[in-house]
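Peer 1: this one's sequence-less:
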C-alpha cells in the first residue's frame, strides 16, 4: 500500500506559536511512519514558510521543529509551492510532487481562523479539520456566540467591545459590563485561543486592567458573566455525520484553566470520563452536535460547557483546532472512548480526504 504523503503545517504568526510547536511535536511522535511520509512546513513568527526534510521517525525535541533559513536541508518556500514540488528530489520517495494532504497544526489568528484554510481551498489541496467558515466563526467568540444563540443553545450572558469604542469612552464600556453582567467577569480577546490574554475581573480596578490586557491581543474583546459550575468538555469527530466522545471534566488547581495550566505546568486535574447523569450527557452531546452544525463544522471540534448545580447545561465555546499536547483534553477523550491517538490522527486524515472528494463532485460551471 502506498504511503500517504502528509504535510504538517505548524508555527505561525500568532501568540499561540509555541502551542503549535508543541502540538506538532506530539502529532509527529504519535504518527505511524509506516503509513505516512511526513514533511514539516514551519511558519516562523515573522511569517516565513520553511520546508524541512522528510521526518522519518520521532524528533528529539520541540526545539528541533523550529527551523531557520540557515539550517541545512531547509528551504524557504512560497505557499503556492504546496501544489508543486514540496517533496524534495533528495527524498526517499520514488517520485516528487505535492503532498497528498495537509494537516494544519496551527492555533490562533493566521492559522485557525480560516486564513490558511482559504489558501488551501484556493490551491485545491485536501486538509485536515474545519473549513473557512467554521474556522473563522469558531475563532471569533462573538460571532460564534451569536450563531449559537440563533441555534437555540443556552449560554452565559456576554457583551463585547471594539478597541475604538473603549478608547472613545472607556467609562461607558465599564458601566455596560457592570449593568449587564456584574462581577466577577471573564475578559477575553475575541479572536484568540489557548487562554491567551484571558483574565478574571472581580471589581472595577481589575476590569480596567483586564481590558488593557485583552486589547493587546485583539481589536475586539468579549466579556462574559461568571458561571458557577463544573467545566465539562466533549470531543466531536466527523463531517456530515458526527460522533461524540465521553465527557471530561477540568479541575484546575488555579482559579481558572489558564495558559500555564493547559500547556506548561500540567498542574490540572482532568477527570476522564467525568461522572455526569445520563440526561446531562445527552444534553451536552446534543448541544455539541447542534454547535458543530451551526458553524458548518468538519473534521473535529472540542465543545466546552458549564454544568450548574441544578443540572443546567450552558455552552461556553467550541475549539475548531484543539491542541494535541500531552496535557490536551481532545485526544484523551477519544482515548477513553476507545480511539487511540494514532488512530484518531488517521481518522482525521480520512475525513479530510472524504470531504475533499465530496467537493470535487460539485459542479461550479453551468
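Peer 2: Right, received. Where do you want to start? This is a predicted model, so every value here is computed, not measured.

Peer 1: for the longest helix along the chain, name the packing helices and strands.
Peer 2: Counting residues, the longest helix in the chain under DSSP state H turns out to be helix 341-360. Identification of packing neighbours for helix 341-360 by 3 or more CB pairs under 8 Å, 6 or more residues apart in numbering; DSSP states H and E yields helix 17-30, strand 101-105, strand 230-238, strand 299-307, helix 329-337. From N, CA and C alone the C-beta is placed, and that goes for glycine too.

Peer 1: chain center to it: distance?
Peer 2: Relative to its chain's centre, helix 341-360 lies at 17 Å (CA atoms, centre = their mean, to the nearest Å).

Peer 1: what are the boundaries of the helices in the stretch 151-300 of the chain?
Peer 2: Using DSSP state H, counting those that start in this stretch, the helices of the stretch 151-300 of the chain run over residues 163-168, 170-180, 204-214, 259-263, 278-294.

Peer 1: and residue 53, which of the ones you listed is closest to it?
Peer 2: helix 259-263 (27.4 Å; CB to CB).

Peer 1: could the helices and strands packed on helix 341-360 go into TSV alongside mean neighbour count, distance to residue 165 and mean pLDDT?
Peer 2: What follows is these, written out as TSV (neighbours: other CB atoms under 10 Å; distance: least, CB to CB, whole Å; pLDDT from 0 to 100):
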stretch	mean neighbour count	distance to residue 165	mean pLDDT
helix 17-30	22	29	91
strand 101-105	26	33	95
strand 230-238	22	30	98
strand 299-307	25	27	98
helix 329-337	22	34	96
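
Peer 1: got CSV for those, with distance to residue 196 too?
Peer 2: What follows is the helices and strands packed on helix 341-360, written out as CSV (distance: least, CB to CB, whole Å):
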stretch, distance to residue 196
helix 17-30, 8
strand 101-105, 17
strand 230-238, 18
strand 299-307, 16
helix 329-337, 17
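
Peer 1: from residue 33, how far off is the residue nearest the centre of the chain?
Peer 2: Residue closest to the average C-alpha location in the chain (CA atoms, centre = their mean): residue 321, at 2.2 Å. Residue 321 is 23 Å from residue 33, where distance means CB to CB, to the nearest Å.

Peer 1: equivalent analysis for residue 233, please.
Peer 2: 30 Å.

Peer 1: ok so, going back, check which residues of the longest helix of the chain are buried.
Peer 2: Residues 341, 344-349, 351-352, 354-356 are the ones in helix 341-360 that count as buried (16 or more other CB atoms under 10 Å).

Peer 1: ok so, going back, out of the helices of the stretch 151-300 of the chain, which comes closest to residue 9?
Peer 2: helix 259-263 (19.5 Å).

Peer 1: now the stretch 51-200 of the chain, which segments are flagged as low pLDDT?
Peer 2: 84-97, 193-195 (pLDDT under 70).

Peer 1: so which of the helices and strands packed on helix 341-360 comes closest to residue 134?
Peer 2: Per CB to CB, nearest to residue 134 of those: strand 299-307, 8.0 Å.

Peer 1: what packs against that closest one?
Peer 2: Here strand 299-307 touches strand 230-238, helix 278-294, strand 313-319, helix 329-337, helix 341-360, going by 3+ CB pairs under 8 Å, 6+ apart.

Peer 1: which residues does the last one contact?
Peer 2: Defining contact as CB atoms under 8 Å, 6 or more residues apart in numbering, one finds that helix 341-360 is touched by 4, 6, 27, 30-32, 35, 100-101, 103, 126-129, 131, 237-239, 298-300, 324, 331, 334-335, 339.
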